[in-house]
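Student: pasting the structure only:
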């Protein structure tokens, strides 16, 4: 595994960030300052031990789930449609603070403000028309109460739709908003995807339960490890 610069995350955090790439974990140079993050396949316990001995700490286990796209019945409420610029101010008012279980929120070496800043920056990518190829919003009384961003990638001969980020306004949780967004993701994927993929932290039981109820099956699990070098590790 090599650690490659993560320019976007470096800019958001205000310090160098590096992303691990590759299957076998190999620690980065000891003296290089910055934030490091990597995923290690859950069947590679020896690699997890190497990471911990190198100063990384385990943040969580991320679960990857997949299913085929399909035309299925869509609930009539809430209305789900593609994002427009009109929703930007309302989304900014709550979108960055709607997360509890991201790896940044679960890492005690990140402040809540830093974790929220990462998600706000992520949302801004959507509002600027970057990162996601489609963003849907769930609407209630003319205001967005949830959003879901999708990226489409090519893997060998398959077009894979990846659920990139989803959030429901805290005041509207438990009301079917997340389910409506995921159903739209599944339905629209029938147009241009061969496979759909979602991911969530094992600690995020509500999301994991939702994806299973929507027909996704677990395909992979990875340890998520972080290291903060130069004042936080």
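Tutor: Sure, I can see it. For clarity, every value in this text was computed on a predicted model and none was experimentally measured. Numbering: from 1, shown residues only.
Student: contacting residues around residue 224?
Tutor: With Cβ atoms under 8 Å, 6 or more residues apart in numbering as the criterion, the residues that contact residue 224 are 37-39, 58-62, 103, 201. Where C-beta positions appear, they are placed from N, C-alpha and C, glycine not excepted.
Student: now do 6 Å
Tutor: Contact partners of residue 224, counting by Cβ atoms under 6 Å, 6 or more residues apart in numbering, are 39, 59-60, 62, 103.
Student: Among these, which lie within helices?
Tutor: The helices, defined by DSSP state H, take in residue 103 from these.
Student: In CSV: the contacts of residue 224, plus pLDDT and distance to residue 171.
Tutor: Converted to CSV, the contacts of residue 224 look like this (pLDDT from 0 to 100; distance: Cβ to Cβ, whole Å):
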residue, pLDDT, distance to residue 171
39, 96, 33
59, 96, 28
60, 94, 26
62, 96, 27
103, 92, 25
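Student: Of the contacts of residue 224, keep whichever come out buried.
Tutor: A residue is treated as buried here by neighbour count (16 or more other Cβ atoms under 10 Å); on that basis the buried members of the contacts of residue 224 are 39, 59-60, 62, 103.
Student: Hmm, residue 3 is touching residue 21, no?
Tutor: No. Using Cβ atoms under 6 Å as the test, residue 3 is too far from residue 21 to be in contact (7.5 Å).
Student: Neighbour count for those two, which is higher?
Tutor: When residue 3 and residue 21 are compared on other Cβ atoms under 10 Å, the one with more neighbours turns out to be residue 3, at 21 against 11.
Student: Can you tell me the strand partners of the helix or strand containing that one and which way each runs?
Tutor: Applying DSSP states H and E as the criterion places residue 3 in strand 2-5. The pairing partners recorded for strand 2-5 under DSSP bridges are strand 17-21 (antiparallel).
Student: Now do the partner strand: distance to the chain's middle.
Tutor: On the basis of Cα atoms, centre = their mean, to the nearest Å, strand 17-21 is displaced by 16 Å from the centre of the chain it belongs to.
Student: What residues of that strand count as buried?
Tutor: Residues of strand 17-21 classed as buried: 17-20 (neighbour count, 16+ other Cβ under 10 Å).
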